[in-house]
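S.K.: no sequence for this one, just the structure:
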(Lines give C-alpha, C1' and ligand atoms only; values in the text may rest on other atoms or scores of the structure.)
Protein backbone atom coordinates (compact mmCIF):
# COMPACT_ATOMS: atom_id res chain seq x y z
CA UNK A 1 0.00 0.00 0.00
CA UNK A 2 2.95 2.30 0.43
CA UNK A 3 3.37 5.51 2.41
CA UNK A 4 -0.27 6.35 2.98
CA UNK A 5 0.15 9.51 5.04
CA UNK A 6 2.91 11.17 3.02
CA UNK A 7 1.69 14.54 1.75
CA UNK A 8 1.70 15.24 -1.94
CA UNK A 9 2.50 11.79 -3.26
CA UNK A 10 1.16 10.91 -6.67
CA UNK A 11 -1.48 8.33 -7.37
CA UNK A 12 -1.69 6.91 -10.80
CA UNK A 13 -5.13 5.56 -11.63
CA UNK A 14 -5.46 3.38 -14.67
CA UNK A 15 -8.93 3.21 -16.17
CA UNK A 16 -10.32 1.62 -19.26
CA UNK A 17 -11.85 3.34 -22.27
CA UNK A 18 -13.73 0.40 -23.63
CA UNK A 19 -16.38 0.72 -26.30
CA UNK A 20 -19.49 -1.32 -25.72
CA UNK A 21 -20.00 -4.22 -27.98
CA UNK A 22 -22.51 -7.00 -28.09
CA UNK A 23 -21.77 -10.29 -26.44
CA UNK A 24 -20.64 -13.15 -28.55
CA UNK A 25 -22.41 -16.43 -28.13
CA UNK A 26 -21.52 -18.38 -25.01
CA UNK A 27 -20.78 -21.94 -26.01
CA UNK A 28 -20.07 -23.49 -22.62
CA UNK A 29 -17.39 -23.64 -19.97
CA UNK A 30 -14.50 -25.91 -20.94
CA UNK A 31 -11.99 -23.13 -21.64
CA UNK A 32 -13.45 -21.05 -18.81
CA UNK A 33 -12.64 -23.85 -16.40
CA UNK A 34 -9.17 -24.08 -17.92
CA UNK A 35 -8.47 -20.37 -17.54
CA UNK A 36 -10.14 -19.94 -14.16
CA UNK A 37 -9.07 -23.06 -12.36
CA UNK A 38 -5.84 -24.04 -14.07
CA UNK A 39 -7.34 -27.15 -15.65
CA UNK A 40 -6.24 -28.38 -19.05
CA UNK A 41 -8.28 -30.33 -21.56
CA UNK A 42 -8.40 -33.90 -20.46
CA UNK A 43 -10.54 -36.99 -20.61
CA UNK A 44 -11.02 -36.54 -16.86
CA UNK A 45 -13.48 -33.98 -15.52
CA UNK A 46 -11.88 -30.74 -14.25
CA UNK A 47 -12.47 -29.62 -10.67
CA UNK A 48 -13.36 -26.43 -8.86
CA UNK A 49 -11.50 -26.05 -5.57
CA UNK A 50 -13.62 -24.08 -3.14
CA UNK A 51 -12.72 -22.53 0.22
CA UNK A 52 -14.02 -25.60 2.01
CA UNK A 53 -11.35 -27.70 0.33
CA UNK A 54 -14.01 -29.88 -1.30
CA UNK A 55 -13.70 -30.81 -4.96
CA UNK A 56 -16.74 -30.68 -7.23
CA UNK A 57 -16.87 -32.27 -10.68
CA UNK A 58 -17.81 -29.94 -13.51
CA UNK A 59 -19.41 -31.04 -16.75
CA UNK A 60 -17.21 -30.16 -19.75
CA UNK A 61 -18.65 -28.18 -22.65
CA UNK A 62 -16.98 -26.22 -25.40
CA UNK A 63 -16.43 -22.49 -25.39
CA UNK A 64 -14.95 -19.68 -23.35
CA UNK A 65 -17.38 -17.42 -21.51
CA UNK A 66 -14.69 -14.82 -20.79
CA UNK A 67 -13.04 -14.51 -24.20
CA UNK A 68 -15.02 -11.44 -25.31
CA UNK A 69 -14.40 -9.53 -22.08
CA UNK A 70 -10.70 -10.35 -22.07
CA UNK A 71 -10.34 -9.22 -25.69
CA UNK A 72 -12.04 -5.89 -24.95
CA UNK A 73 -9.69 -5.16 -22.07
CA UNK A 74 -6.40 -6.19 -23.63
CA UNK A 75 -7.09 -4.50 -26.98
CA UNK A 76 -8.08 -1.17 -25.44
CA UNK A 77 -5.59 1.56 -24.65
CA UNK A 78 -5.76 2.46 -20.94
CA UNK A 79 -6.58 5.91 -19.66
CA UNK A 80 -4.12 7.20 -17.08
CA UNK A 81 -5.04 9.82 -14.51
CA UNK A 82 -2.53 11.37 -12.11
CA UNK A 83 -3.90 12.82 -8.89
CA UNK A 84 -2.45 14.28 -5.72
CA UNK A 85 -3.93 13.42 -2.33
CA UNK A 86 -3.26 15.00 1.03
CA UNK A 87 -4.13 12.33 3.60
CA UNK A 88 -5.50 8.82 4.18
CA UNK A 89 -9.14 9.94 3.97
CA UNK A 90 -8.56 11.58 0.60
CA UNK A 91 -6.82 8.49 -0.69
CA UNK A 92 -9.53 6.08 0.47
CA UNK A 93 -12.19 8.33 -1.07
CA UNK A 94 -10.53 7.73 -4.44
CA UNK A 95 -10.55 3.97 -3.92
CA UNK A 96 -14.23 4.09 -2.92
CA UNK A 97 -15.04 6.10 -6.05
CA UNK A 98 -13.30 3.47 -8.21
CA UNK A 99 -15.28 0.65 -6.59
CA UNK A 100 -18.56 2.51 -7.06
CA UNK A 101 -17.72 3.36 -10.66
CA UNK A 102 -16.66 -0.14 -11.70
CA UNK A 103 -19.19 -1.87 -9.46
CA UNK A 104 -21.94 -0.32 -11.61
CA UNK A 105 -20.22 -1.13 -14.91
CA UNK A 106 -22.05 -3.88 -16.81
CA UNK A 107 -18.76 -5.57 -17.72
CA UNK A 108 -17.81 -6.08 -14.09
CA UNK A 109 -21.25 -7.48 -13.31
CA UNK A 110 -20.89 -9.74 -16.35
CA UNK A 111 -17.58 -11.04 -14.99
CA UNK A 112 -19.04 -11.64 -11.53
CA UNK A 113 -22.10 -13.46 -12.84
CA UNK A 114 -20.11 -15.57 -15.29
CA UNK A 115 -17.80 -16.63 -12.49
CA UNK A 116 -20.76 -17.71 -10.39
CA UNK A 117 -22.94 -19.35 -13.06
CA UNK A 118 -20.82 -22.44 -13.58
CA UNK A 119 -22.84 -25.66 -13.39
CA UNK A 120 -21.96 -28.93 -11.71
CA UNK A 121 -24.05 -31.37 -13.70
CA UNK A 122 -27.57 -29.96 -13.90
CA UNK A 123 -27.26 -27.71 -10.83
CA UNK A 124 -25.31 -24.59 -9.97
CA UNK A 125 -21.92 -25.26 -8.39
CA UNK A 126 -22.70 -22.45 -5.94
CA UNK A 127 -26.31 -22.75 -4.80
CA UNK A 128 -28.63 -19.79 -5.23
CA UNK A 129 -28.75 -17.53 -2.14
CA UNK A 130 -25.71 -19.21 -0.63
CA UNK A 131 -24.34 -15.79 0.24
CA UNK A 132 -21.22 -16.92 2.04
CA UNK A 133 -20.57 -19.50 -0.67
CA UNK A 134 -20.71 -16.80 -3.37
CA UNK A 135 -18.33 -14.53 -1.47
CA UNK A 136 -15.82 -17.29 -0.79
CA UNK A 137 -15.97 -18.48 -4.39
CA UNK A 138 -15.27 -15.02 -5.84
CA UNK A 139 -12.50 -14.55 -3.28
CA UNK A 140 -10.90 -17.85 -4.31
CA UNK A 141 -10.99 -16.95 -8.01
CA UNK A 142 -9.34 -13.59 -7.38
CA UNK A 143 -6.67 -15.35 -5.32
CA UNK A 144 -6.18 -17.97 -8.03
CA UNK A 145 -5.94 -15.56 -10.96
CA UNK A 146 -4.15 -12.52 -9.53
CA UNK A 147 -0.60 -12.67 -8.15
CA UNK A 148 0.69 -10.21 -5.57
CA UNK A 149 3.13 -7.75 -7.18
CA UNK A 150 4.27 -4.39 -5.80
CA UNK A 151 3.49 -1.03 -7.43
CA UNK A 152 5.76 0.99 -9.67
CA UNK A 153 8.77 2.18 -7.66
CA UNK A 154 7.94 5.25 -5.55
CA UNK A 155 4.44 5.52 -7.06
CA UNK A 156 1.06 4.23 -5.90
CA UNK A 157 -0.72 2.74 -8.90
CA UNK A 158 -4.41 1.82 -8.92
CA UNK A 159 -5.63 -0.39 -11.74
CA UNK A 160 -9.17 -0.92 -12.98
CA UNK A 161 -10.61 -4.30 -11.90
CA UNK A 162 -11.02 -5.72 -15.42
CA UNK A 163 -7.44 -4.90 -16.38
CA UNK A 164 -6.15 -6.38 -13.11
CA UNK A 165 -8.04 -9.63 -13.72
CA UNK A 166 -7.55 -10.09 -17.46
CA UNK A 167 -4.37 -8.28 -18.49
CA UNK A 168 -1.92 -7.79 -15.62
CA UNK A 169 -3.13 -10.73 -13.52
CA UNK A 170 -1.21 -9.05 -10.72
CA UNK A 171 -1.50 -6.22 -8.21
CA UNK A 172 -1.03 -5.15 -4.61
CA UNK A 173 -3.52 -4.82 -1.76
CA UNK A 174 -5.12 -1.72 -3.34
CA UNK A 175 -5.75 -3.58 -6.59
CA UNK A 176 -7.12 -6.66 -4.84
CA UNK A 177 -9.47 -4.43 -2.85
CA UNK A 178 -10.72 -2.59 -5.96
CA UNK A 179 -11.16 -5.81 -7.95
CA UNK A 180 -12.94 -7.89 -5.32
CA UNK A 181 -14.86 -4.88 -4.02
CA UNK A 182 -16.18 -4.06 -7.51
CA UNK A 183 -17.24 -7.66 -8.13
CA UNK A 184 -19.15 -7.90 -4.85
CA UNK A 185 -20.66 -4.42 -5.22
CA UNK A 186 -21.95 -5.35 -8.69
CA UNK A 187 -24.01 -8.25 -7.34
CA UNK A 188 -25.51 -6.53 -4.32
CA UNK A 189 -23.12 -6.96 -1.39
CA UNK A 190 -22.52 -4.14 1.13
CA UNK A 191 -18.79 -3.61 1.63
CA UNK A 192 -16.40 -1.64 3.79
CA UNK A 193 -12.71 -0.88 3.51
CA UNK A 194 -10.40 -1.47 6.45
CA UNK A 195 -7.05 0.28 6.65
CA UNK A 196 -4.45 -0.70 9.22
CA UNK A 197 -1.02 0.29 10.45
CA UNK A 198 0.92 -2.77 11.51
CA UNK A 199 4.15 -3.17 13.45
CA UNK A 200 6.85 -2.02 12.77
CA UNK A 201 5.50 0.39 10.11
CA UNK A 202 5.39 4.10 10.89
CA UNK A 203 2.24 4.85 8.91
CA UNK A 204 -0.85 3.22 7.35
CA UNK A 205 0.43 0.30 5.29
CA UNK A 206 -2.37 -2.13 4.43
CA UNK A 207 -5.96 -2.22 3.16
CA UNK A 208 -8.54 -4.99 2.67
CA UNK A 209 -12.29 -5.58 2.39
CA UNK A 210 -15.09 -6.33 4.83
CA UNK A 211 -18.31 -7.78 3.33
CA UNK A 212 -21.70 -7.79 5.04
CA UNK A 213 -23.54 -11.12 5.39
CA UNK A 214 -26.34 -11.70 4.64
CA UNK A 215 -26.24 -8.91 2.04
CA UNK A 216 -29.79 -7.62 2.57
CA UNK A 217 -29.42 -7.25 6.35
CA UNK A 218 -25.87 -7.94 7.59
CA UNK A 219 -25.42 -9.57 10.97
CA UNK A 220 -21.67 -10.04 10.51
CA UNK A 221 -18.80 -8.59 8.49
CA UNK A 222 -16.36 -11.06 6.96
CA UNK A 223 -12.81 -9.93 6.23
CA UNK A 224 -11.49 -10.53 2.70
CA UNK A 225 -7.75 -9.97 2.38
CA UNK A 226 -6.94 -11.41 -1.05
CA UNK A 227 -3.37 -10.09 -0.94
CA UNK A 228 -2.48 -12.71 1.68
CA UNK A 229 -2.21 -16.51 1.11
CA UNK A 230 -5.06 -17.35 3.46
CA UNK A 231 -8.73 -18.27 3.13
CA UNK A 232 -11.58 -15.77 3.23
CA UNK A 233 -12.18 -14.63 6.79
CA UNK A 234 -8.51 -14.29 7.72
CA UNK A 235 -7.55 -10.94 9.18
CA UNK A 236 -4.35 -9.28 10.38
CA UNK A 237 -3.73 -10.49 13.97
CA UNK A 238 -4.79 -7.87 16.52
CA UNK A 239 -1.43 -7.96 18.30
CA UNK A 240 0.23 -6.66 15.12
CA UNK A 241 -2.20 -3.78 14.58
CA UNK A 242 -1.21 -0.35 15.91
CA UNK A 243 -4.34 1.38 14.64
CA UNK A 244 -7.22 0.65 12.27
CA UNK A 245 -9.91 2.59 10.44
CA UNK A 246 -13.04 1.51 8.54
CA UNK A 247 -14.79 3.22 5.62
CA UNK A 248 -18.23 2.37 4.20
CA UNK A 249 -18.43 2.13 0.40
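M.R.: Ah, there it is. In this text, all values refer to a predicted model and were calculated from it rather than measured experimentally.
S.K.: quick check: what element follows the helix or strand residue 177 falls within along the chain?
M.R.: In this structure, residue 177 sits in helix 173-186 according to DSSP states H and E. Using DSSP H and E, the helix or strand that directly follows helix 173-186 along the chain is strand 191-198.
S.K.: shouldn't residue 132 be within a strand?
M.R.: No. Assignment of residue 132 by DSSP: H, G, I helix; E, B strand; the rest coil gives helix, placing it outside any strand.
S.K.: residue ranges of the strands in the chain, please?
M.R.: Assigned by DSSP state E, the chain shows strands spanning 10-16, 47-49, 55-57, 78-84, 119-120, 123-124, 147-148, 156-159, 170-171, 191-198, 206-213, 220-224, 241-248.
S.K.: residue 107: which of those is closest?
M.R.: strand 10-16 (8.5 Å; C-beta to C-beta). (C-beta placed from N, C-alpha, C; glycine too.)
S.K.: quick one: the strands of the chain as a markdown table, columns for mean neighbour count too.
M.R.: Converted to a markdown table, these look like this (neighbours: other C-beta atoms under 10 Å):
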| stretch | mean neighbour count |
| --- | --- |
| strand 10-16 | 17 |
| strand 47-49 | 16 |
| strand 55-57 | 14 |
| strand 78-84 | 11 |
| strand 119-120 | 14 |
| strand 123-124 | 12 |
| strand 147-148 | 12 |
| strand 156-159 | 22 |
| strand 170-171 | 20 |
| strand 191-198 | 20 |
| strand 206-213 | 23 |
| strand 220-224 | 18 |
| strand 241-248 | 13 |
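S.K.: about what we covered before: for the helix holding residue 177, the distance to its chain's centre please.
M.R.: Relative to the centre of its chain, helix 173-186 is centred 4 Å away, using C-alpha atoms, centre = their mean, to the nearest Å.
S.K.: tell me who's in contact with residue 74.
M.R.: 166-167 (C-beta atoms under 8 Å, 6 or more residues apart in numbering).
S.K.: residue 197 now?
M.R.: 203-206, 241-244.
S.K.: nearest to residue 65 among those residues?
M.R.: residue 206 (33.6 Å).
S.K.: return the per-residue confidence for that closest one.
M.R.: With respect to pLDDT, residue 206 scores 96.
S.K.: now the strands of the chain in JSON lines, with distance to residue 104?
M.R.: Putting these into JSON lines (distance: least, C-beta to C-beta, whole Å) gives the following:
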{"stretch": "strand 10-16", "distance to residue 104": "14"}
{"stretch": "strand 47-49", "distance to residue 104": "28"}
{"stretch": "strand 55-57", "distance to residue 104": "31"}
{"stretch": "strand 78-84", "distance to residue 104": "18"}
{"stretch": "strand 119-120", "distance to residue 104": "27"}
{"stretch": "strand 123-124", "distance to residue 104": "25"}
{"stretch": "strand 147-148", "distance to residue 104": "27"}
{"stretch": "strand 156-159", "distance to residue 104": "17"}
{"stretch": "strand 170-171", "distance to residue 104": "21"}
{"stretch": "strand 191-198", "distance to residue 104": "13"}
{"stretch": "strand 206-213", "distance to residue 104": "17"}
{"stretch": "strand 220-224", "distance to residue 104": "20"}
{"stretch": "strand 241-248", "distance to residue 104": "17"}
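S.K.: those: which one's closest to residue 233?
M.R.: Using C-beta to C-beta, the nearest of those to residue 233 is strand 220-224, at 5.6 Å.
S.K.: so where's the chain shaky on pLDDT?
M.R.: 1-63 (pLDDT under 70).
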